[in-house]
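> Below is the sequence, then the predicted model.
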There are 2 protein chains.
Amino acid sequence: MKLNVSPDTIPPRGHEAKRVSIMDAAGKVFCRESFAGANIDMIAAEAGVSRQTIYNHHGDKENLFVAIVRDLTERCNAGIFATISTFPDQPKDLEADLIAFAVRMNRNCVCNRDGKFLRKLIQTEGERYPELFAEWREQGPGQTWPAIAARFARLAHAGFLDIEDPDVAARQFLALANAELQTTFMLGGTPDDDEVLQSATHGVRTFLRAFGKRQSAADAQEHSPLTGA
Amino acid sequence: MKLNVSPDTIPPRGHEAKRVSIMDAAGKVFCRESFAGANIDMIAAEAGVSRQTIYNHHGDKENLFVAIVRDLTERCNAGIFATISTFPDQPKDLEADLIAFAVRMNRNCVCNRDGKFLRKLIQTEGERYPELFAEWREQGPGQTWPAIAARFARLAHAGFLDIEDPDVAARQFLALANAELQTTFMLGGTPDDDEVLQSATHGVRTFLRAFGKRQSAADAQEHSPLTGA
DNA sequence: GACGAATTAGACAAGAGTGTCTAAATTTGT
DNA sequence: ACAAATTTAGACACTCTTGTCTAATTCGTC
């Protein structure tokens, strides 16, 4: 079943191995060196492939670059939506569940390889390829922010939160979740698990101080009055 | 007094005009094209100067780049500290004063030409010049975050805010202030005054919902009970 | 007006990168 | 094992860029 998927479009099979190897290496190199700074020989060497093979597959450098960005955009968005689907719609422990969600969001969408690469390519080359990155903008933030906002609206409607504008709250939630990772991101670093957890914990606590129900919660569980301190 | 400053190191004066013209153009071009993508002829043309003049002034391309980053770092930090000194230590209207401060911070340090350029250069070339950007990190975030944290600590001590960890609060304040400008920043755009004000207003409101005093404020003025809604 | 310093245009060599081409070697499916 | 497709190494022309050099020109100062 898995061996002969679409045997007419995709030629043999080793072909595909080379292809992913090239995409892999090209992403890494474009990201590290920028489009102008990257050269095909570098990518070929890193992919363990001859230069000619890259030209066979992608035609020219610009074509390769566009393919990389499209690929990263697609994979990142898939990851984001997969993560959004784990949003705690019926939280048992609101703080813990939101922290866990924030950590997942950061780990699976922002700090992972694809997220880091896509972010850097957008920052570096975004101005040069307006329509390519407009595509990202529409499918990325344009889709994910409303999706998260909808989840927060539902949570508010269910009485767990006190939110007026779910769009604003969603953006602020994400901003708070990685408030402490900004400097690391700037220099292209990857925060470790501890940093991610710290930032998410502090961010969610502040978020709940702002938007959490005071006491008249619909979920009258054993919620301790965490307003204090 | 101002005409002949240090007449031995800095030669004449038209010299200086060329110098700033070069720095100006080089910043613009490096930022737009990345280090590898920029070329000296482009910069010379944009500066209205011959290529040779650039080599006379800076020796080579890398030297020029380093000079640009140093210059931007210095000017940005000066701007940040100048802005921090306008922090509302004795607020009349806490919300309005913090919003105004957040707007100043964004307009003078983040959205202006220097801030935009420096941010982009750090993102794009940071990994390639570790010690150069370590310098930025130490003088920039390493100095400004504690400075803002100290102001918030003072504000908390004076009874205006309810903050446990001023460092965390400071980072979150900044993150909230431009939570809604992230996408624009990503693509190298410059948010207009309205966007900046919007983001700052929403950010500060959330910040105060989280860290504002409920009612036992030391400043028992005509503070309306804005906890509601 | 004259002197010295700085700027300029242009040519230049040297190097690096892109994209093409060819012939040989390898891999793949049958 | 055979035939087709793919990959490979290497050479190649072409372009672009850097950094240097030179001679002429312009600019600021005295």
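Nice, I can see it. Numbers count the residues shown, from 1 in each chain, chains lettered A, B, ... in the order given.

> tell me what the helix or strand bottoming out on mean pLDDT in chain A is packed against?
Within chain A, confidence by mean pLDDT, DSSP states H and E is lowest for helix A:130-139 among all helices and strands, at a mean of 91. If you count contacts as 3 or more CB pairs under 8 Å, 6 or more residues apart in numbering or on different chains; DSSP states H and E, helix A:130-139 packs onto helix A:61-84, helix A:113-125. C-beta here means a position set from N, CA and C on the backbone, and glycine is covered the same way.

> what angle do it and helix A:113-125 make?
Comparing the axes of helix A:130-139 and helix A:113-125 via axes from the mean of the first three to the mean of the last three CA atoms, to 10 degrees yields an angle of 140 degrees.

> Provide a list of residues in contact with the most centrally placed residue in chain A.
Chain A has A:Cys109 as the residue nearest its centroid, 2.6 Å off, counting by CA atoms, centre = their mean. For A:Cys109, the contact set (CB atoms under 8 Å, 6 or more residues apart in numbering or on different chains) comprises A:76, A:79-80, A:83, A:115.

> same deal with A:Leu155?
Applying CB under 8 Å, 6+ apart, the residues contacting A:Leu155 are A:88-89, A:91, A:161, A:163.

> where do the helices sit along chain A?
A:14-37, A:40-47, A:51-58, A:61-84, A:94-105, A:113-125, A:130-139, A:141-157, A:166-177, A:182-186, A:193-211 (DSSP state H).

> Now render the contacts of A:Leu155 as TSV, adding neighbour count, pLDDT and distance to DNA strand C.
Below are the contacts of A:Leu155 laid out as TSV (neighbours: other CB atoms under 10 Å in any protein chain shown; pLDDT from 0 to 100; distance: CB to the nearest atom of the strand, whole Å):
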residue	neighbour count	pLDDT	distance to DNA strand C
A:Pro88	17	97	45
A:Asp89	12	95	45
A:Pro91	18	96	50
A:Leu161	23	97	51
A:Ile163	19	97	50
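
> Just name the closest of the residues you listed to B:Lys18, please.
A:Ile163 (55.9 Å; CB to CB).

> send the alpha carbons of stretch A:63-78 over as CSV?
Extracted in CSV, the C-alpha atoms of stretch A:63-78 (Å, rounded to 0.1, in the frame of the first residue of the first chain):
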residue,chain,number,x,y,z
ASN,A,63,12.8,27.8,-8.1
LEU,A,64,14.4,25.8,-5.4
PHE,A,65,14.0,28.6,-2.9
VAL,A,66,10.3,29.0,-3.7
ALA,A,67,9.8,25.2,-3.3
ILE,A,68,11.4,25.3,0.1
VAL,A,69,9.3,28.1,1.4
ARG,A,70,6.1,26.5,0.1
ASP,A,71,7.0,23.3,1.7
LEU,A,72,7.8,24.9,5.0
THR,A,73,4.7,26.9,5.0
GLU,A,74,2.6,23.9,4.3
ARG,A,75,4.2,21.8,7.0
CYS,A,76,4.1,24.5,9.6
ASN,A,77,0.5,25.3,9.1
ALA,A,78,-0.4,21.6,9.3
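
> Quick one: mean pLDDT over that stretch.
Rounded to a whole number, the mean pLDDT of stretch A:63-78 is 95.

> got the contact list for it?
So stretch A:63-78 is contacted by A:22-23, A:26-27, A:30, A:35, A:43, A:54, A:57-58, A:109, A:114-115, A:117-118, A:121, A:125, A:129, A:132-133, A:135-136, A:139-140, A:143-144 (CB under 8 Å, 6+ apart).

> Just the buried subset of those residues, written out for ChimeraX, thanks.
Buried residues within the contacts of stretch A:63-78, by 16 or more other CB atoms under 10 Å in any protein chain shown, are selected in ChimeraX with:
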select /A:22,23,26,27,30,35,43,54,57,58,109,114,115,117,118,121,125,129,132,133,136,140,144
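
> near DNA strand D, from the contacts of stretch A:63-78?
Contacts with DNA strand D within these, counted by CB under 7 Å from any atom of the strand: A:His57.

> can you list the domain ranges for chain A.
Taking automatic domain parsing as the criterion, chain A consists of the domains A:1-59, A:69-211.

> Tell me which of these sits most buried.
domain A:69-211 (a mean of 19; mean count of other CB atoms under 10 Å in any protein chain shown).
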